[in-house]
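# no letters, just coordinates:
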């Protein structure tokens, strides 16, 4: 979420505007809600953002449009309510380990398989430790 905010230029705006900062941070925690409440939470944040003046900024409006288009259809996958692991630490750790092993942008499939095999044990240990 914050990577997307940075990519579209919201990070600087978050530092300048407390309503924008609160809005983006609240949107980032929507996956902590049960799946059936995420859309309601998004709508409620939209009302709050309008009231607080954050919605006046086109970047904030674009963020809400993005979330309605991308998040709402996937609420069943996005909700981490009641789950033991509610972060993406495991997947990010796996991505990092693979990135260290595979330093090519578009590796040959045989090279890729050759790198997966030795990394499989590390990945399994990391997943099991969380």
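That came through, no problem. In this text the structure is predicted, and so the values were computed from the model without any measurement.
# would you mind measuring from the residue located most distally from the centre of the chain to residue 116?
Distance from the C-alpha centroid of the chain peaks at residue 110, with 31.2 Å (CA atoms, centre = their mean). Going from residue 110 to residue 116 by CB to CB, to the nearest Å gives 11 Å. For the C-beta atoms, the positions are set from N, CA and C on the backbone; glycine is no exception.
# average pLDDT for the strand or helix carrying the residue farthest from the centre of the chain?
Per DSSP states H and E, residue 110 falls inside helix 109-129. Within the predicted structure, the mean pLDDT of helix 109-129 is 70.
# where's residue 18 relative to residue 79, distance?
For residue 18, the distance to residue 79 (CB to CB) stands at 28 Å.
# which of those two has more neighbours?
Here residue 18 and residue 79 are set side by side on neighbour count (other CB atoms under 10 Å), and the busier one is residue 79, at 19 against 12.
# surely the more buried one touches residue 33?
Yes - judged on CB atoms under 8 Å, residue 79 makes contact with residue 33 at a distance of 6.6 Å.
# give me the buried positions along the host helix or strand of residue 47.
Here residue 47 is covered by helix 35-52, with elements defined by DSSP H and E. Neighbour-count burial for helix 35-52 flags 38-39, 41-42, 45-46, 49 (criterion: 16 or more other CB atoms under 10 Å).
# next: stretch 6-22.
The neighbour-count check on stretch 6-22 (16+ other CB under 10 Å) flags 10, 13-14, 17, 19-22 as buried.
# many thanks, I have nothing further to ask.
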